[in-house]
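Asker: Turn this into a model:
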Amino acid sequence: MSEQITHQQLRDLIAEAVTGSMPVGILAVTDTRSRKTGNPFGKVLKTVRAVGWVGASYVRGVNRELSRQGVEEPAFRSQPLPWGEWDIPGKVIAHKGALYLRTQATPGMRRKAPARVLAYHAENGQQVTREQVAPFLPTSSGSAKQEAAGMAADPAEQIWVGTYAFASLRKVRIAGRTYTVAH
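Answerer: Residues are numbered from 1 along each chain as shown. This is a model prediction of the structure:
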């Protein structure tokens with residue numbers, strides 16, 4: 001059973017309950033950013049279940065992964081946020097009046113708890129299969145900055161950063177409790 005929580009309550013919960021870094025479970029409905037040319041479905045949404053670390057240091061995570069991959073004395077440096085500003089550093093981004101949850105996942109974490117796409121839906125709400133929408137889905141590319149620092153070119157071996165609009169979140173599991181996000 002989960003309790004209902006507003007965006008502001010979720011923001012406050014993250015500020016109070018997530019000290020340092022913590023794994024967070026997410027159920028979200030996100031835009032796949034599918035190609036429009038020839039796409040009979042319009043905007044394609046996916047329902048995804050994922051686990052990510054909130055509040056983890058991106059720089060330390062990348063440097064730790066570089067060490068695991070054999071890079072001696074890694075010295076990766078991150079850039080400032082390309083958009084928005086930190087509302088809660090390393091956890092929540094504010095941009096144009098909306099809030100976004102920032103997560104990251106290591107290759108090892110993704111092997112233990114991989115993200116799962118539960119369903120795809122066309123813009124009109126019709127459920128569609130992955131096979132139907134696959135020709136219109138973008139291909140996954142890795143981080144050129146991580147690769148330039150010596151990381152494997154394979155995106156599966158890189159640190160992934162996920163940014164989820166609070167409006168896309170349906171459920172969040174924090175510190176052993178599940179919350180349904182109100183819309």
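Asker: Check what pLDDT the residue nearest to the spatial centre of the chain gets.
Answerer: In the chain, the centroid-proximal residue (C-alpha atoms, centre = their mean) is Gly162; its distance is 2.1 Å. Gly162 is assigned 93 on the pLDDT scale.
Asker: Now it. Nearest residue, chain neighbours left out?
Answerer: Nearest non-adjacent residue to Gly162, counting by C-beta to C-beta, 6 or more residues apart in numbering: Thr103, 4.4 Å away. Yep, even glycine has a C-beta here, placed from its N, CA and C like the rest.
Asker: Surely that neighbour is in contact with Ile26?
Answerer: Yes - look at Thr103 against Ile26 with C-beta atoms under 8 Å: they come within range, at 7.2 Å.
Asker: Give me the more crowded residue out of those two.
Answerer: Taking other C-beta atoms under 10 Å, Thr103 and Ile26 do not tie; Ile26 has more neighbours (24 against 21).
Asker: ok, now how distant is the residue sitting furthest away from the middle of the chain from Asn63?
Answerer: Residue farthest from the centre of the chain, counting by C-alpha atoms, centre = their mean, is Glu72 at 28.5 Å. Going from Glu72 to Asn63 by C-beta to C-beta, to the nearest Å gives 11 Å.
Asker: ok so, going back, in contact with the residue nearest to the centre of the chain, which residues are there?
Answerer: Shown in contact with Gly162 (C-beta atoms under 8 Å, 6 or more residues apart in numbering): Ala50, Gly52, Arg102, Thr103, Gln104, Ala105.
Asker: next one: phi and psi at the fourth one?
Answerer: I take that to be Thr103. Torsion angles at Thr103 (phi, psi; degrees, to the nearest 10) stand at phi -130, psi 160.
Asker: Can you tell me what sits against stretch 14-21?
Answerer: Outside stretch 14-21, the residues that reach it (C-beta under 8 Å, 6+ apart) are 24, 53-57, 88, 90-92, 101, 174-175.
Asker: Go again with 7 Å.
Answerer: Residues outside stretch 14-21 that contact it (C-beta atoms under 7 Å, 6 or more residues apart in numbering): Trp53, Val54, Gly55, Ala56, Ile88, Lys91, Val92, Ile174, Ala175.
Asker: If we go by neighbour counts, what in that stretch is buried?
Answerer: Ile14, Val18, Ser21 (16 or more other C-beta atoms under 10 Å).
Asker: can you put the residues you listed in TSV and add secondary structure?
Answerer: Converted to TSV, the buried residues of stretch 14-21 look like this (DSSP: H, G, I helix; E, B strand; the rest coil):
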residue	secondary structure
Ile14	helix
Val18	coil
Ser21	coil
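Asker: so which one among those has the lowest pLDDT?
Answerer: Within the buried residues of stretch 14-21, the minimum per-residue pLDDT falls on Val18 (83).
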